[in-house]
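Student: the sequence isn't on hand, but the structure is:
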Ligand code: ADP
Ligand code: MG
């Protein structure tokens with residue numbers, strides 16, 4: 001259908017509101033337009049975190065020359081023309097608001113040609129007004145270049161985060177659309193570096209490999225073939241992670257409804273509920289699930305960004321997701337191996353591994369509670385209990401010390417002190433060179449973080465160098481860290497939940513992660529000397545009573561409490 005201005009009746013029913021909040025919003029709107037134009041190839045180039053330039057070229061149907069100007073009018077769209085259409089939207093766009101909203105806050109250049117046009121048209125706009133219009137020769141398809149975003153809106157510019165952060169948001173959008181449309185070839189170059197390139201061969205597993213690395217791709221489980229998962233109203237396809245593959249944030253829970261990337265609390269819950277008990281605290285699965293359902297069963301006209309949807313049959317969607325994920329995990333994951341515990345006295349038991357989500361680590365960036373700064377009295381080690389706790393006696397009663405948490409505290413402070421020295425250049429970093437470098441496969445986001453935080457990683461003793469597009473070689477690692485923990489530590493650090501962390505937060509996060517994975521674990525038998533040494537070192541720390549995650553390292557039973565208990 002040609003581009004037309006929506007009638008007031010329809011326009012008034014459309015969720016109103018600002019959509020262009022940051023460069024990634026521009027990218028999202030433009031990519032959606034290219035996909036609605038049935039492009040098979042979409043190339044994007046971004047500079048200055050999207051503020052200087054966002055350029056997208058597609059080979060889609062193009063816009064007829066005579067309609068190009070109209071496309072920049074509010075509520076002008078070729079995708080909708082009636083209230084009935086609004087009830088069953090099957091395109092990604094329908095509001096007719098993106099191009100005018102973008103043109104209002106940036107300089108825009110549009111070059112487009114449709115199949116029937118002999119020549120193309122080039123339009124330039126500033127502050128929403130056409131400043132140049134010319135006939136041009138160009139291939140079929142559309143190129144939109146957006147420059148100087150928010151130049152005249154300093155308040156909006158100020159709100160933007162670093163180039164790395166804005167690029168990460170942009171990469172997120174393109175990554176998700178490449179997962180939703182495996183038949184479309186996507187490329188994305190930020191600041192002159194190509195960071196994503198999908199083949200468009202239609203294989204979702206190939207896109208997953210490009211986006212998350214081949215290692216992840218080979219571990220992911222394909223959800224049950226559609227005929228089993230099917231329900232007359234919902235079809236589900238995609239991949240989910242086995243329980244041993246998890247991430248520290250919900251960022252890898254991706255849902256698409258009729259190929260629209262959406263956020264849904266309901267779907268997150270349905271998946272997380274199914275994994276309950278299989279993952280450690282603070283860990284989340286990776287899922288890429290594509291739901292298809294009749295468009296009239298969902299309402300996408302809830303929020304101007306079209307990222308949230310309302311389901312007509314909410315409970316049913318929840319149950320289908322739960323069922324499909326549950327069946328896939330049951331059928332495709334082997335039962336966990338039985339592991340013998342080294343404790344000679346106790347039944348196998350291991351506390352939840354103390355890998356905390358980064359959100360929790362971040363929450364703990366302020367001063368610790370007052371008590372934690374209280375120094376420790378000298379303690380006499382009496383023994384070990386359950387291969388988890390050290391029992392010690394002090395001047396005022398009994399202390400039960402969590403060996404892992406205590407060691408974490410000791411290492412954390414030591415690592416921080418070393419890093420500070422390495423900045424001052426007064427000390428050599430305590431690092432170990434690996435005989436055989438380790439290879440790490442990283443996804444786009446992780447690569448972006450390495451790019452911007454490589455120097456900091458070096459201050460902690462890591463030495464990483466790029467080795468091919470998605471691979472890095474790890475040559476040096478912090479002295480306290482075991483080789484087999486390197487992968488998990490680096491990924492934990494790179495899967496940051498918030499790229500806007502301040503430098504001290506980054507430093508703390510790195511030290512916490514290295515300390516946590518270097519520390520002795522529960523279940524390890526300690527000799528009396530080892531225990532004495534650990535307690536001695538704990539006594540020297542600044543905050544001996546909490547671990548870097550903020551949990552207590554010890555429980556104190558005072559003589560008074562003991563007497564009360566024994567009613568003496
Ligand atoms: P909407 O996508 O909601 O219709 P937009 O403001 O994003 O509104 O776009 C307005 C119109 O411009 C679209 O309906 C479409 O006809 C045309 N258009 C925009 N981008 C493209 C593109 N890349 N290829 C073909 N047509 C496009
Ligand atoms: Mg649009």
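Tutor: Looks like it came in fine. This one's a predicted model, so the numbers in the text were calculated from it and none came from an experiment. Numbering: from 1, shown residues only. Ligands and ions are numbered 1, 2, ... in the order given.

Student: what's the neighbour count on the residue of the chain found nearest ligand 2?
Tutor: In the chain, no residue comes nearer to ligand 2 than residue 93, which is 2.8 Å away by Cβ to the ion. From N, CA and C alone the C-beta is placed, and that goes for glycine too. Counted with other Cβ atoms under 10 Å, residues neighbouring residue 93 total 20.

Student: report the contact partners of it.
Tutor: Contact partners of residue 93, counting by Cβ atoms under 8 Å, 6 or more residues apart in numbering, are 29, 32, 33, 36, 77, 79, 306.

Student: hmm, which helix or strand of the chain has the shakiest average pLDDT?
Tutor: When each helix and strand of the chain is scored by mean pLDDT, DSSP states H and E, helix 358-363 comes last, with a mean of 35.

Student: re the thing from before, using JSON lines, lay out the contacts of residue 93 together with neighbour count.
Tutor: Below are those laid out as JSON lines (neighbours: other Cβ atoms under 10 Å):
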{"residue": "29", "neighbour count": "25"}
{"residue": "32", "neighbour count": "20"}
{"residue": "33", "neighbour count": "24"}
{"residue": "36", "neighbour count": "18"}
{"residue": "77", "neighbour count": "27"}
{"residue": "79", "neighbour count": "17"}
{"residue": "306", "neighbour count": "22"}
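
Student: keep those, but drop any that are not near ligand 2.
Tutor: residue 33 (Cβ under 5 Å from the ion).

Student: Three-state assignment for the residue most central in space within the chain, please.
Tutor: Nearest to the mean C-alpha position of the chain, by Cα atoms, centre = their mean, lies residue 251 at 3.5 Å. Three-state call for residue 251 (DSSP: H, G, I helix; E, B strand; the rest coil): helix.

Student: mind pulling the model confidence for it?
Tutor: Turning to residue 251, the model gives it a pLDDT of 89.

Student: give me the element residue 170 is part of.
Tutor: For residue 170, the host element (DSSP states H and E) is helix 163-180.

Student: wait, does that helix contact ligand 1?
Tutor: No - under the criterion of Cβ under 6 Å from any ligand atom, ligand 1 is not reached by helix 163-180; the shortest gap measures 13.3 Å.

Student: go on, stretch 105-119?
Tutor: No - judged by Cβ under 6 Å from any ligand atom, stretch 105-119 and ligand 1 are separated, with a smallest distance of 6.6 Å.

Student: which positions in that stretch come out as buried?
Tutor: Neighbour-count burial for stretch 105-119, with 16 or more other Cβ atoms under 10 Å as criterion, is recorded at 105, 106, 107, 108, 109, 110, 111, 112, 113, 114, 117.

Student: in the sheet, who's paired with the third one?
Tutor: In this case it means residue 107. residue 147 (DSSP bridges).

Student: surely it touches residue 148?
Tutor: Yes - judged on Cβ atoms under 8 Å, residue 107 makes contact with residue 148 at a distance of 5.3 Å.

Student: secondary structure element holding the residue of the stretch 1-150 of the chain found nearest ligand 1?
Tutor: Residue of the stretch 1-150 of the chain nearest ligand 1, by Cβ to the nearest ligand atom: residue 93 (2.4 Å). Under the criterion DSSP H and E, no helix or strand holds residue 93.

Student: mind listing the helices for the stretch 401-550 of the chain?
Tutor: Ranges of helices in the stretch 401-550 of the chain, per DSSP state H, counting those that start in this stretch, are 403-424, 444-459, 486-494, 503-518, 528-540.

Student: and residue 239, how far from residue 217?
Tutor: 8 Å (Cβ to Cβ, to the nearest Å).

Student: higher neighbour count, the two?
Tutor: Between residue 239 and residue 217, counted using other Cβ under 10 Å, residue 239 has the larger neighbour count: 23 against 18.

Student: please name the nearest non-neighbouring residue to the closest residue to ligand 1 within the stretch 251-400 of the chain.
Tutor: Going by Cβ to the nearest ligand atom, ligand 1 is nearest to residue 306 of the stretch 251-400 of the chain, at 9.1 Å. Of all residues not flanking residue 306 in the chain, residue 300 sits nearest, at 5.4 Å (Cβ to Cβ, 6 or more residues apart in numbering).

Student: pretty sure that neighbour contacts residue 312?
Tutor: No - checked against Cβ under 8 Å, the pair residue 300 and residue 312 is beyond contact range at 11.9 Å.
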